[in-house]
Each structure stands twice: as C-alpha cells, then as structure tokens.
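Predicted structure and sequence below. I'll ask about it afterward.
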Amino acid sequence: MSDSIIQEVRNIREQHAASMGYDLDRIYADLKVRQEKHAAEGWVVVPPPTTPPLEPNLALQRTRFARR
C-alpha cells in the first residue's frame with residue numbers, strides 16, 4: 001500500500017525509534033511516560049483486551065476481501 005497517511009505514520013514511528021537509538025526498552029519507557037502524561041491531562045487511555053475474541057469478525061473479513 002502507498003497511502004500517504006500510512007506513510008506519514010511510518011515516518012513518525014521511524015523518527016521516534018531513531019531518536020531512541022532503536023533500543024526497545026527506551027522506546028517502551030518513553031511511550032509509557034507519554035501515555036501517563038496524556039492520562040494525567042484527561043485523555044482516555046483504553047486498555048488492550050485481556051483475551052482475544054473467540055470468533056473472527058467475519059463481516060469485516062467479507063468486506064475487506066470483497067471484490068471492488
């Protein structure tokens with residue numbers, strides 16, 4: 001895919017990783033600090049699901065792979 005929004009997100013992610021020296025521990029720590037800062041500012045932080053869905057979303061799959 002060559003969507004301009006996807007490319008912009010990838011560029012931002014690459015810049016962030018480069019600024020942290022591609023160290024996963026530093027990247028994770030920085031993201032956690034940012035998340036806590038946003039939560040303190042009143043942003044709603046949605047936790048990830050604790051378990052995966054039992055059944056795949058077949059409706060989404062049908063529309064995603066439908067012929068256009």
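Sure, I can see it.

any idea how far residue 4 is from residue 38?
25 Å (CB to CB, to the nearest Å). For the C-beta atoms, the positions are set from N, CA and C on the backbone; glycine is no exception.

meant to ask about residue 21, not that
Applying CB to CB, the value for residue 21 to residue 4 is 28 Å.

Repeat that for residue 15.
16 Å.

more neighbours, residue 38 and residue 4?
Between residue 38 and residue 4, residue 38 has the larger neighbour count (other CB atoms under 10 Å), namely 12 against 7.

That one reaches residue 45, doesn't it?
Yes. Counting by CB atoms under 8 Å, residue 45 is a contact partner of residue 38 at 6.8 Å.

Does residue 12 lie in a helix or a strand, and which?
Here residue 12, judged by DSSP states H and E, is contained in helix 4-19.

model confidence over that helix, on average?
In this model, helix 4-19 has a mean pLDDT of 95.

what's the following helix or strand after it?
Per DSSP H and E, the helix or strand that comes after helix 4-19 is helix 24-40.

May I have that next one exported as CSV, CA atoms only?
Once non-C-alpha atoms are left out, helix 24-40 reads as follows in CSV (Å, rounded to 0.1, in the frame of the first residue of the first chain):
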residue,chain,number,x,y,z
LEU,A,24,13.2,-1.3,22.5
ASP,A,25,13.5,-0.7,26.3
ARG,A,26,13.9,3.0,25.8
ILE,A,27,11.1,3.2,23.2
TYR,A,28,8.8,1.3,25.6
ALA,A,29,9.7,3.5,28.6
ASP,A,30,9.2,6.7,26.5
LEU,A,31,5.8,5.5,25.3
LYS,A,32,4.7,4.6,28.8
VAL,A,33,5.7,8.1,30.1
ARG,A,34,3.8,9.8,27.2
GLN,A,35,0.8,7.6,28.0
GLU,A,36,0.8,8.5,31.7
LYS,A,37,1.2,12.2,30.7
HIS,A,38,-1.8,12.1,28.4
ALA,A,39,-3.9,10.3,31.1
ALA,A,40,-3.0,13.0,33.6
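
Would you mind measuring from the nearest residue to residue 17 once chain neighbours are set aside to residue 5?
Distances taken as CB to CB, 6 or more residues apart in numbering place residue 27 nearest to residue 17, at 6.1 Å, with adjacent residues excluded. Look at residue 27 and residue 5: by CB to CB, they are 22 Å apart.
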